[in-house]
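*Asks:* Pasting a predicted model and its sequence here:
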Amino acid sequence: MRDTFAWYLDSSPAAARDAWETAILTVDTNVLLDLYRYHSKTCESILSALESFSGRVWLSHQSATEFFRNRRKVIASSEKTFRDAATGLDDLDKALSGGISKLKAHRLIPTPVLDDLSSSMSEAVTKARGSLSDLTSEHPKYLEADPVLDRLLDLFDKRVGPAPSDETLGKLLAEGKRRHEAQIPPGYMDDKDGDRSYGDYLLWSETIEFAKTIATPVIMVTSERKEDWWQKESGKILSPRQELIEEFWRATKQPIFLYQTENFFRVANELAGKKVSEETVADIKSVGARRAGLSPAAEVNQIVKVAEPDANHGELVIDLQREVHNLTSTGRFDPEFDDAPVLAVSLISSPDGCPPLRVTAKTGTTFNFNIHLRPEAWGEALPVGIYRVEYSAICLNDDASPINMPSETTS
């Protein structure tokens, strides 16, 4: 039994700790790209943990290729986050001002109370603007000077796998397609364009071939969280997929130890006798969850301009925080209507580089409505950033207030 299941026994947590000082370390693409997404303290912590393996590292050609293909895009997206945050603060300031104006219509609320509230909110927004300005100025300008890239180039110097020949690549892609269709891990849950769906298999296959030549255990750090890499129960990760551990061991006669980034960080610090920063762990998890689509795609702020019993008018300010192919956001009618109203919407603004959009809206209730955004062209994505949508709703009765109704539009 011990010989038959050596692949299982050799991959235990205890075996992983024993192999930490001798194993070769490798990482997937997003472990490297996430360095540009983290706070500076987290970035430094992960880089230091990786550098503790200096001389015992290897990077697959697949991971290196994807890193350089996507590096500039990730940096630009991270820098854009600060601009979007500034816009979000402006929108919040407008919404707060609109809320104060609405409260002033209630004559029972004393004016000094509202003045104090307005002053407190204004002070808080001003303080947030100052903090954001400091963070923006402190954030490295990676497209001008990139210390992260410099350190990665030093760490993986002469330690990157060779590019496959065209013939070998063709065979690997055919096998990747077969495994994808048969749902053989890893990577069968990827749903990308063309051959990009097989990137995880190319990384996996290349790592196996490398391990055959070194006769040394491998530690792989991956940002992947899906079930084609991890065994889960009730949403909780229990262990790496056992098929992967067994396949690697049978092909190489060496164990592979898979870690998600935050777990790698924990173990690296514990074994080095360092205190584990829970703030850093939280940042790693937050970035991973956002990229994996596990956090809300967008935050929505409603700015009410007209709030009458028979007419509502205002804006939804939608802060889209990851690319999606379509988006639905919900607003509320306040006060609630007696009957379902007629609703019209219009796109006021969208992020730079946004494709032409189709904007529609529906309401079947007296208290809320949905606005739907999607690109006109099939397969296009909505870019990250701020979307402003104007809405108008009116009950069609003889006493309805006059109100300018935007049209359902394509923009």
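*Replies:* Alright, I've got the coordinates.
*Asks:* count of neighbours near Gly130?
*Replies:* Using other CB atoms under 10 Å, Gly130 has 10 other residues around it. (C-beta placed from N, C-alpha, C; glycine too.)
*Asks:* Is it within a helix or a strand, and which one?
*Replies:* helix 111-138 (DSSP states H and E).
*Asks:* right, and the helix or strand after that helix?
*Replies:* Moving toward the C-terminus from helix 111-138, the next helix or strand (DSSP H and E) is helix 147-155.
*Asks:* List the buried residues in that next one.
*Replies:* By neighbour count on 16 or more other CB atoms under 10 Å, the buried set for helix 147-155 is Val148, Leu149, Arg151, Leu152, Leu155.
*Asks:* so what secondary structure elements neighbour the helix holding Gly130?
*Replies:* helix 61-104 (3 or more CB pairs under 8 Å, 6 or more residues apart in numbering; DSSP states H and E).
*Asks:* and the angle for the helix it packs on with helix 147-155?
*Replies:* 160 degrees (axes from the mean of the first three to the mean of the last three CA atoms, to 10 degrees).
*Asks:* Can you pull the domain assignment for the chain?
*Replies:* Taking automatic domain parsing as the domain assignment, the ranges for the chain are 6-78+141-291, 297-411.
*Asks:* who wins for proximity to Asp115 among the ones you listed?
*Replies:* Distance to Asp115, taken as CB to CB, is lowest for domain 297-411 among the domains of the chain, at 20.6 Å.
*Asks:* Run through the strands of this structure in chain order.
*Replies:* 24-27, 218-222, 230-233, 236-240, 256-260, 298-308, 311-320, 327-332, 342-349, 357-362, 368-375, 385-394 (DSSP state E).
*Asks:* Pop out the phi and psi values for Asp310.
*Replies:* phi -120, psi 10 (degrees, to the nearest 10).
*Asks:* what number of residues lie near it?
*Replies:* For Asp310, the count of nearby residues is 19 (other CB under 10 Å).
*Asks:* swap in Arg71?
*Replies:* With other CB under 10 Å as criterion, Arg71 counts 21.
*Asks:* Now for it: which residues touch it?
*Replies:* Counting by CB atoms under 8 Å, 6 or more residues apart in numbering, Arg71 touches Leu33, Tyr36, Leu149.
*Asks:* Quick check: the gap between the second one and Arg83.
*Replies:* Distance of Tyr36 to Arg83, given as CB to CB, to the nearest Å: 16 Å.
*Asks:* Comparing the two, which shows the higher neighbour count?
*Replies:* Remark: of Tyr36 and Arg83, Tyr36 carries more neighbours, 23 against 14, as counted by other CB under 10 Å.
*Asks:* wouldn't the more buried one be in contact with Pro147 here?
*Replies:* No: if you go by CB atoms under 8 Å, Tyr36 and Pro147 don't touch, sitting 11.3 Å apart.
*Asks:* thought Gly353 was touching Pro383?
*Replies:* Yes: between Gly353 and Pro383 there is a contact at 5.5 Å, judged by CB under 8 Å.
*Asks:* what about these two, which has more around it?
*Replies:* A count of neighbours by other CB under 10 Å puts Pro383 above the other of Gly353 and Pro383, at 19 against 9.
*Asks:* So for that one, what's the pLDDT?
*Replies:* Looking at Pro383, its pLDDT is 89.
*Asks:* check contacts around it.
*Replies:* Contacts of Pro383 (CB under 8 Å, 6+ apart): Leu320, Glu323, Pro351, Asp352, Gly353, Cys354.
*Asks:* Next, count neighbours for the closest residue to His325 other than its chain neighbours.
*Replies:* Counting by CB to CB, 6 or more residues apart in numbering, His325 lies nearest to Ala381, which is 5.6 Å off, once chain neighbours are set aside. When neighbours are defined as other CB under 10 Å, Ala381 has 14 of them.
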